[in-house]
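Asks: Next one to model:
(2 chains)
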Number of protein chains: 2
Amino acid sequence: MNFLEEKILTDGVIKEGNILKVDSFLNHQIDIDIMRQMAYEFKRRFRTENINKILTIEASGIAIATLLGDLYDVPVVFAKKSETANSTDDKYVAQAYSFTHKKMNNVFISKPYLHATDHVLIVDDFLADGEAAHALIDLVHQAGGTVEGIGIAVEKGQQKGGGELRAEGYHVESIAIVESMDWQTQTIKFREQPAQPLQNTNLRSI
Amino acid sequence: MNFLEEKILTDGVIKEGNILKVDSFLNHQIDIDIMRQMAYEFKRRFRTENINKILTIEASGIAIATLLGDLYDVPVVFAKKSETANSTDDKYVAQAYSFTHKKMNNVFISKPYLHATDHVLIVDDFLADGEAAHALIDLVHQAGGTVEGIGIAVEKGQQKGGGELRAEGYHVESIAIVESMDWQTQTIKFREQPAQPLQNTNLRSI
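Replies: So this is what the prediction gives:
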């Protein structure tokens, strides 16, 4: 069991409706030690990838993206969900359904901040049906860039996002994958993961 | 001229309506080197304060808050602007008008993440009329905590927020204070700041 799975068992709360509440350490209050360990773990798991930009979506992905930007010493970009008064730049726009807010969101990035030369590591706190991840991939592709990997803190393994993204050929690394959980007994089962990741998207270069 | 003022002159864009656009390095794309320098500069300026929590508001304050949490090795909390489906905790709630989105926002923090024992450094990317800062102060006070300081990347010195907060006795440190700017000539004037901050909120302990 890794540090994040242990933290989830200790401080996570399972709620009715397949909800795992981790806002005491991940997406409202931020446990900086857990965040640091996540950043180093992503860097280890994506060590075969050549990354020159970290991409996430506001708001809860920004903390881990910032620590990863610090580790890799590369720029961080966060996609935005709402138009702001002072934003008149040309934008790449994609759509994503938010289960948290129960509505379709436009997700956008101003064109100057994504390029065809970008080798992007996408990171986010949660992966469920893959709506946000697919929107971010779409934005990178609109710019002609390359998605080198997708790093997720907590993947809901019962939902379709992770399976779809891996089937599409993306290098997805989730630090904790929830296989099943039960709010009545407050029990949770994680998917076993190899100690060293077996995935290697460099196979194409052999 | 400090590193942030230089960066604003190089990469900032002044737009009609008193808008300073810094989204190439501060609040859409994040220049990690600038963020790191900001974190160290805040730590230097608030060196007389005893801080055990970093507080900000989603979304653009999260990056600098995370690096400060990393430096201080303390938890980070970000106040939220919208209710989420899985949030049924008791909350502290305050209100803030957003000029960016031109509406009143409820700003809230779940009660477990703010305490009477908290000595809080509030950080944000911008300070204009002080709406967000006052909402965050209100939340800290509702919990019975202490605001030890308010760290701002860019203060709009022509607007009332900074003056009001200082008059109320808060230790406010803004790395760049815009005294005036002109979108037609793309010129900007910064307020002179002492190389070593003169403010010392520990006067009460002498």
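
Asks: quick one: A:Arg44 is in a helix?
Replies: Yes - counting by DSSP: H, G, I helix; E, B strand; the rest coil, A:Arg44 is located in a helix.

Asks: That one: how many residues sit nearby?
Replies: 11 (other CB atoms under 10 Å in any protein chain shown). For glycine as for every other residue, the C-beta is placed from the backbone atoms N, C-alpha and C.

Asks: same deal with A:Asp73?
Replies: Residues near A:Asp73, counting by other CB under 10 Å, number 10.

Asks: List the residues that contact it.
Replies: B:32-33 (CB atoms under 8 Å, 6 or more residues apart in numbering or on different chains).

Asks: Look up how far B:Ala65 lies from it.
Replies: Going from A:Asp73 to B:Ala65 by CB to CB, to the nearest Å gives 20 Å.

Asks: Over to A:Glu179?
Replies: Counting by CB to CB - A:Glu179 and B:Ala65 are separated by 33 Å.

Asks: For the residue nearest the centre of chain A, give me its contacts.
Replies: Here the mean C-alpha position of chain A is nearest to the C-alpha of A:Asp124 (CA atoms, centre = their mean), at a distance of 2.4 Å. Shown in contact with A:Asp124 (CB under 8 Å, 6+ apart): A:56-57, A:60-61, A:132-133, A:136, A:150-153.

Asks: closest to A:Ala96 among those residues?
Replies: The closest of the contacts of A:Asp124 to A:Ala96 turns out to be A:Ala132 (CB to CB; 5.1 Å).

Asks: buried residues in the helix or strand encompassing the closest one?
Replies: A:Ala132 is located in helix A:131-142, with elements delineated by DSSP states H and E. Neighbour counts over helix A:131-142 (16 or more other CB atoms under 10 Å in any protein chain shown) mark A:131-137, A:139-140 as buried.

Asks: ranges for the strands of chain A?
Replies: Counting by DSSP state E, the segments of chain A that form strands are A:13-15, A:19-21, A:29-30, A:53-57, A:76-79, A:91-98, A:103-110, A:119-127, A:146-156, A:172-182, A:187-190.

Asks: Quick check, A:Ala65 in contact with A:Val123.
Replies: Yes - A:Ala65 is within contact range of A:Val123, at 5.2 Å (criterion: CB atoms under 8 Å).

Asks: shared neighbours of those two, anything?
Replies: Common contacts of A:Ala65 and A:Val123, defined by CB under 8 Å, 6+ apart, comprise A:54-56.

Asks: that older thread, gap between the residue nearest to the centre of chain A and chain B?
Replies: Counting by CB to the nearest CB, to the nearest Å, the separation of A:Asp124 from chain B is 13 Å.

Asks: ok, the residue nearest to that residue when sequence neighbours are not counted to A:Ala133 distance?
Replies: Closest residue to A:Asp124 apart from its sequence neighbours, by CB to CB, 6 or more residues apart in numbering or on different chains: A:Gly61 at 4.5 Å. From A:Gly61 over to A:Ala133 the distance is 10 Å, taken as CB to CB.

Asks: Show me the shaky parts of chain A.
Replies: Scanning chain A for pLDDT under 70 picks out A:83-88, A:100, A:195-206.

Asks: and if we set it to 90?
Replies: Across chain A, the ranges flagged by pLDDT under 90 are A:17-18, A:81-89, A:97-105, A:193-206.

Asks: and A:Val13, bridged to which residues?
Replies: On the basis of DSSP bridges, A:Val13 is bridged to A:Lys21.

Asks: burial count for it?
Replies: 15.

Asks: got a list of what it touches?
Replies: Per CB under 8 Å, 6+ apart, neighbours of A:Val13: A:20-21, A:186.

Asks: re earlier: helices and strands around the helix holding A:Ala132, which ones?
Replies: Helix A:131-142 is packed against strand A:53-57, strand A:76-79, strand A:91-98, strand A:103-110, strand A:119-127, strand A:146-156, helix A:161-167, with contacts defined by 3 or more CB pairs under 8 Å, 6 or more residues apart in numbering or on different chains; DSSP states H and E.

Asks: Next, format these as CSV and append distance to B:Phe108.
Replies: Below are the helices and strands packed on helix A:131-142 laid out as CSV (distance: least, CB to CB, whole Å):
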stretch, distance to B:Phe108
strand A:53-57, 21
strand A:76-79, 21
strand A:91-98, 18
strand A:103-110, 19
strand A:119-127, 19
strand A:146-156, 23
helix A:161-167, 28
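
Asks: what about A:Thr117, how many neighbours?
Replies: By other CB under 10 Å, 11 other residues sit near A:Thr117.

Asks: quick one: contacts for it?
Replies: Counted by CB under 8 Å, 6+ apart, A:Thr117 has contacts A:52, A:145.

Asks: cool, and A:Glu155?
Replies: Contacts of A:Glu155 by CB under 8 Å, 6+ apart are A:126-128, A:161-162, A:172, A:174, A:176-178.

Asks: Please repeat the previous calculation with a cut-off of 10 Å.
Replies: A:124, A:126-128, A:130, A:161-163, A:165, A:172-179, A:190-191 (CB atoms under 10 Å, 6 or more residues apart in numbering or on different chains).

Asks: Tell me the spacing between the closest residue to A:Gly130 other than its chain neighbours and A:Ala153.
Replies: The shortest distance from A:Gly130 to any non-neighbouring residue, by CB to CB, 6+ apart, is to A:Gly161 (2.7 Å). Between A:Gly161 and A:Ala153 the distance is 13 Å, computed by CB to CB.

Asks: what residues are shared contacts of these two?
Replies: A:126-127, A:174.

Asks: ok, which of the residues you listed also contact chain B?
Replies: Applying CB under 10 Å from any CB of the partner chain, the subset of those adjacent to chain B is empty.

Asks: re earlier: only the buried subset of the contacts of A:Glu155, as a ChimeraX command please.
Replies: Entered in ChimeraX, the line below selects the buried ones among these, by 16+ other CB under 10 Å:
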select /A:124,126,127,128,130,161,162,165,172,173,174,175,176,177,178,190
